[in-house]
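In: Sharing a model prediction with you, sequence too.
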Amino acid sequence: MTYQEYIGSREWRENSVRLAEFRATGFLCRICSRGEGVTIKAYRRTYENLNHERPGDLTALWGPATALLWEIQHPCSTPPSRS
């Protein structure tokens with residue numbers, strides 16, 4: 001299964017680590033606490049455990065915070081497509 005297939009899968013939507021991160025933040029962005037009216041996504045701190053995520057692998061962020069964090073962590077790369 002490719003990364004894009006995984007992100008679009010039921011397995012990802014029902015991922016217990018992903019859902020626990022969202023519940024822990026109250027479905028708010030960990031950086032700016034936005035939530036109402038924005039889409040909160042699970043940002044990967046690591047791809048090491050892809051398909052077998054562990055607590056701490058994911059961070060709840062909204063779109064602009066995700067892009068900002070990616071740029072800080074990977075200054076010479078473009079973010080992966082999240083269609």
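Out: Sure, I can see it.
In: OK, contacts around the residue nearest to residue 26 when sequence neighbours are not counted?
Out: Of all residues not flanking residue 26 in the chain, residue 35 sits nearest, at 7.0 Å (C-beta to C-beta, 6 or more residues apart in numbering). All C-beta spots, glycine's among them, are computed from the backbone N, C-alpha and C. Contacts here follow C-beta atoms under 8 Å, 6 or more residues apart in numbering; on that basis residue 35 touches 26-29, 62.
In: How about residue 51?
Out: Contacts of residue 51 by C-beta under 8 Å, 6+ apart are 1, 6, 11.
In: Work out the gap between the helix or strand bottoming out on mean pLDDT in the chain and the centre of the chain.
Out: In the chain, no helix or strand scores lower on mean pLDDT, DSSP states H and E than helix 63-73, which sits at a mean of 76. Distance, stretch centre to chain centre, for helix 63-73: 11 Å (C-alpha atoms, centre = their mean, to the nearest Å).
In: ok, now stretch 67-75?
Out: The answer for stretch 67-75 is 13 Å, by C-alpha atoms, centre = their mean.
In: Distance from stretch 23-34 to the middle of the chain?
Out: Centroid separation for stretch 23-34 versus its chain: 12 Å, with C-alpha atoms, centre = their mean.
In: Tell me which residues of it come out buried.
Out: The neighbour-count check on stretch 23-34 (16 or more other C-beta atoms under 10 Å) flags 25, 28-31 as buried.
In: related to what we said a few turns ago, for my notes, please list the contacts of residue 35 in a markdown table and give secondary structure, distance to residue 44 and pLDDT for each entry.
Out: Below are these laid out as a markdown table (DSSP: H, G, I helix; E, B strand; the rest coil; distance: C-beta to C-beta, whole Å; pLDDT from 0 to 100):
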| residue | secondary structure | distance to residue 44 | pLDDT |
| --- | --- | --- | --- |
| 26 | coil | 21 | 95 |
| 27 | coil | 18 | 94 |
| 28 | coil | 18 | 94 |
| 29 | coil | 15 | 92 |
| 62 | strand | 15 | 88 |
